[in-house]
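Trainee: no FASTA, just this:
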């Protein structure tokens, strides 16, 4: 049996490879500290779990859900946007539920790209932007994210003939893997660019609530004209430590929301309603856990930044996300450095080239283990490396 050409050309998903390495190391008896995968170790808040426990016993929730999502869930999303960002959304036409934002990010390419249509993809970037494009038959065009441009794409560098062929543009701030943030001036540029070339902007924003030292992250939808050209993907995964629950949404341009919802109605049956009620509780219930979570990640971030700089790096603490993005020491590639740290220190880090061509020469650390394990990880790494040259 022969798989499709798209599948033949598709490499194993980055984190599936990392998980395989973890299993192999554990089988070899190595005590692994996993700083590779961005999966929160903190628990889902109790009031959300309690709502789930209550909702799961309601037999009405055992039937097929609406593929667009409960009206009450979409209203909770719209109310959250109004309270958090001052953005007004019509919950019936401008919000659609997702089985986690990853699902919607992959499917939007199928909803919009015909064979060989262009999708503008950030590099380094979340692998699903490119993977979804390729599986849909589209052509990804790389937008380099470089340190000298604060890891923002330079839209002026995109050739006009490429921009005219493009249907989609992915952006992601706060950014995975770099931790960079974007301001309203950048979002304004994006809106004008999208209007000029008739492109749908897809802003991936799951880290908007994970910021430090009082930084307030804006929504792309706050930008004047944003709803005319774009949608924003969001998720409960990072904000409420609900990665395994698989619930999120897309919001914004009503035509794009309808198209995505129509696609989804043909390929899935929506989010289990009990989980949607838990999502409503997350959005409408107490928000104290967010500040507590950010404080924990900030403390972990500071330990990791100090650990790197003690060895010879000179990196600034990121304002948002639970990631650190750092250059590999002189003489290493992303892959050889990650392999060294795994084999000699028993610590998993993610090689930057897993996020694209422009990720080469970097590695990513996820702050998703407790601070004592992070301290232990950097003690081990320092024993292996000593002082480094960058």
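Mentor: Received the coordinates, thanks. As the structure is a prediction and not an experimental result, all values here were calculated from the model.
Trainee: Wait, a strand at residue 141?
Mentor: Yes. The assignment for residue 141 by DSSP: H, G, I helix; E, B strand; the rest coil puts it in a strand.
Trainee: start the count at 17, not 1, going forward
Mentor: Noted, 17 is the first residue going forward, which turns the last one into residue 157.
Trainee: Next, count neighbours for it.
Mentor: Around residue 157 there are 18 other residues, counting by other C-beta atoms under 10 Å. In short, each C-beta sits where N, CA and C put it, glycine included.
Trainee: now residue 177
Mentor: Other residues near residue 177 number 8, with proximity taken as other C-beta under 10 Å.
Trainee: what's the spacing between it and residue 157?
Mentor: Using C-beta to C-beta, to the nearest Å, residue 177 is found at 11 Å from residue 157.
Trainee: Check residue 387 too.
Mentor: Plainly put, residue 387 is 41 Å away from residue 157 if you go by C-beta to C-beta.
Trainee: what's the answer for residue 196, then?
Mentor: Counting by C-beta to C-beta - residue 196 and residue 157 are separated by 20 Å.
Trainee: contacting residues around residue 404?
Mentor: The neighbourhood of residue 404, defined by C-beta atoms under 8 Å, 6 or more residues apart in numbering, consists of 327-329, 345-346.
Trainee: Out of those, the closest to residue 271 would be?
Mentor: residue 329 (46.1 Å; C-beta to C-beta).
Trainee: what secondary structure does the closest one sit in?
Mentor: For residue 329, the secondary-structure state derived from three-state DSSP is coil.
Trainee: Spit out the contact partners of it.
Mentor: Listed by C-beta under 8 Å, 6+ apart, the contact set of residue 329 reads 342-343, 404, 406.
Trainee: what do you get for residue 140?
Mentor: Taking C-beta under 8 Å, 6+ apart, we find residue 140 in contact with 161, 193-194, 368, 371-372, 374-375, 378.
Trainee: go on, residue 114?
Mentor: Counting by C-beta under 8 Å, 6+ apart, residue 114 has contacts 120, 249, 251, 263-266, 280, 287.
Trainee: Just to be sure, residue 83 is in a strand?
Mentor: No. Applying three-state DSSP, one finds residue 83 to be coil, outside a strand.
Trainee: Whichever of the contacts of residue 329 end up buried, select them in PyMOL.
Mentor: Of the contacts of residue 329, the buried ones can be selected in PyMOL as follows, counting by 16 or more other C-beta atoms under 10 Å:
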select buried, resi 342+343+404
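Trainee: With secondary structure, distance to residue 394 and pLDDT as new columns, can the contacts of residue 329 be given to me in CSV?
Mentor: Below are the contacts of residue 329 laid out as CSV (DSSP: H, G, I helix; E, B strand; the rest coil; distance: C-beta to C-beta, whole Å; pLDDT from 0 to 100):
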residue, secondary structure, distance to residue 394, pLDDT
342, strand, 12, 98
343, strand, 17, 98
404, coil, 13, 94
406, coil, 16, 90
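Trainee: For the contacts of residue 329, could you give me CSV that also reports distance to residue 145?
Mentor: Conversion of the contacts of residue 329 to CSV gives the following (distance: C-beta to C-beta, whole Å):
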residue, distance to residue 145
342, 22
343, 23
404, 32
406, 28
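Trainee: Residue 178 - that's part of a strand, no?
Mentor: No. Judged by three-state DSSP, residue 178 forms no part of a strand; its state is helix.
Trainee: mind checking pLDDT for it?
Mentor: Predicted confidence (pLDDT) for residue 178: 98.
Trainee: What of residue 29?
Mentor: We note a pLDDT of 63 for residue 29 in this prediction.
Trainee: Strands of the stretch 67-216 of the chain, start to end?
Mentor: Taking DSSP state E, counting those that start in this stretch as the criterion, the stretch 67-216 of the chain contains strands spanning 111-114, 134-139, 155-160, 182-187, 216-220.
Trainee: a strand runs through residue 267, doesn't it?
Mentor: Yes. Following the definition three-state DSSP, residue 267 is counted among the residues of a strand.
Trainee: Next one, pLDDT for it please.
Mentor: Model confidence at residue 267, given as pLDDT, is 98.
Trainee: Pretty sure it sits against residue 110.
Mentor: Yes. Taking contact to mean C-beta atoms under 8 Å, the distance of 5.8 Å between residue 267 and residue 110 places them in contact.
Trainee: Common neighbours of these two, please.
Mentor: Common contacts of residue 267 and residue 110, defined by C-beta under 8 Å, 6+ apart, comprise 94, 273.
Trainee: Comparing these two, which shows the higher neighbour count?
Mentor: When residue 267 and residue 110 are compared for neighbours, residue 267 comes out ahead with 28 against 24, by other C-beta under 10 Å.
Trainee: got the contact list for the more buried one?
Mentor: Each residue near residue 267 by C-beta under 8 Å, 6+ apart is listed here: 93-94, 97, 105, 110-112, 237, 247-248, 250, 273.
Trainee: how about 7 Å then?
Mentor: Residues in contact with residue 267, defined by C-beta atoms under 7 Å, 6 or more residues apart in numbering, are 93, 97, 105, 110-111, 237, 247-248, 250.
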